[in-house]
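In: Below is the sequence, then the predicted model.
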Amino acid sequence: MFGLGPLELAIILAIVVILFGARRLPEIGSGVGKAIKNFKSGISGNDEIDVTPETEKKTERENPPKS
């Protein structure tokens, strides 16, 4: 994969853990997964892409906007 061996991948993983910490890695992975999902749906022609942050979605569910 891109000419990277297992040692290089381990070093990159160690640097990422040091920079972001082990607690934030699941958040980063989730964000990357959602980005890939949105990218694929955008390529396929699906016009509806939800880019609202989770905190705003949660607030809207608790307090729906008054029309």
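Out: Yes, it's here.
In: counting residues per helix, which one in this protein is longest?
Out: helix 25-44 (DSSP state H).
In: can you give me the offset of it from its chain's centre?
Out: Relative to its chain's centre, helix 25-44 lies at 5 Å (CA atoms, centre = their mean, to the nearest Å).
In: do stretch 15-29 as well
Out: Stretch 15-29 sits 12 Å away from the centroid of its parent chain (CA atoms, centre = their mean).
In: Would you mind stating the distance between Lys40 and Ile18?
Out: Using CB to CB, to the nearest Å, we find Lys40 at a distance of 31 Å from Ile18. (Each C-beta comes from the backbone N, C-alpha and C, glycine too.)
In: just Gly3 next, same as before
Out: From Gly3 to Ile18 the distance is 23 Å (CB to CB).
In: the bottom helix or strand of the chain by mean pLDDT?
Out: When each helix and strand of the chain is scored by mean pLDDT, DSSP states H and E, helix 54-62 comes last, with a mean of 66.
In: so where is this structure shaky, pLDDT-wise?
Out: Within the chain, the stretches with pLDDT under 70 are 1, 46-50, 56-67.
In: So the spatially most central residue of it versus Leu25, what's the distance?
Out: By CA atoms, centre = their mean, the mean C-alpha position of the chain lies nearest to Gly31, the distance being 0.8 Å. Distance from Gly31 to Leu25, counting by CB to CB: 11 Å.
In: what's the answer for Pro53, then?
Out: Taking CB to CB, one finds Pro53 at 19 Å from Leu25.
In: Leaving out chain neighbours, which residue sits closest to Ile28?
Out: Excluding the flanking residues, the one nearest Ile28 by CB to CB, 6 or more residues apart in numbering is Phe20, at 6.2 Å.
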